[in-house]
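**Student:** The sequence and its predicted three-dimensional model are supplied below.
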Amino acid sequence: MGLLTPLAVRIGSVSWMPRLLPQIVVVDKSLHRLTGGRVTLLDIAGLPNLTLTVVGRRSGLPRSTPLLCVPHDDGWLVAGSYFGGPKMPLWVGNLRAAGEATVEVGHTSYDVTARELAGEERTRMWQVMLRTWPNYAKYEERTDRTIPVFLLTPR
């Protein structure tokens, strides 16, 4: 965690944040592109993150998204929270369809297998994720949908 992490947690908990998500995503992707993949908003916030690249289920083209992640065992946990917004992030559908992806963590790329967690395992890992990003609990309260949790494991 970094110096700006407490500020990021406060900003992330704001109830109207889901409405700004499209703008945040544009800024984040632009920052990522302008810095040659070296910096994201999550880096600035001092939060663990990765860039997920998964093939689009309709387009067949690779789609990349910077995501907050929680390192766990030999892989990473990611959640399709979308700040607790009503819609599912597009990357979730792509990851479900593909079952595999590439992640870039720091300057290293890994081919990963994606497994969506369910039941007791999801509940346990959700608690692990809350220790890194407590706002997941607020996101869960904001939405009627179940926030999907994936374990990404290097192949």
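**Tutor:** Arrived safely, thanks for sending.
**Student:** Could you pull up the contacting residues of Glu140?
**Tutor:** Taking Cβ atoms under 8 Å, 6 or more residues apart in numbering, we find Glu140 in contact with Gly84, Ile147. To be clear about C-beta, it is placed using only N, CA and C from the backbone, and glycine gets the same treatment.
**Student:** oh, I was asking about Ile24
**Tutor:** When contacts are counted by Cβ under 8 Å, 6+ apart, Ile24 touches Leu41.
**Student:** where's it relative to Ser30, distance?
**Tutor:** As judged by Cβ to Cβ, to the nearest Å, Ile24 and Ser30 stand 11 Å apart.
**Student:** again, but for Thr153
**Tutor:** From Thr153 over to Ser30 the distance is 30 Å, taken as Cβ to Cβ.
**Student:** for the spatially most central residue of the chain, helix, strand, or coil?
**Tutor:** Centroid-nearest residue in the chain, with Cα atoms, centre = their mean: Leu67, separated by 3.1 Å. Here Leu67 takes the strand state, with states given by DSSP: H, G, I helix; E, B strand; the rest coil.
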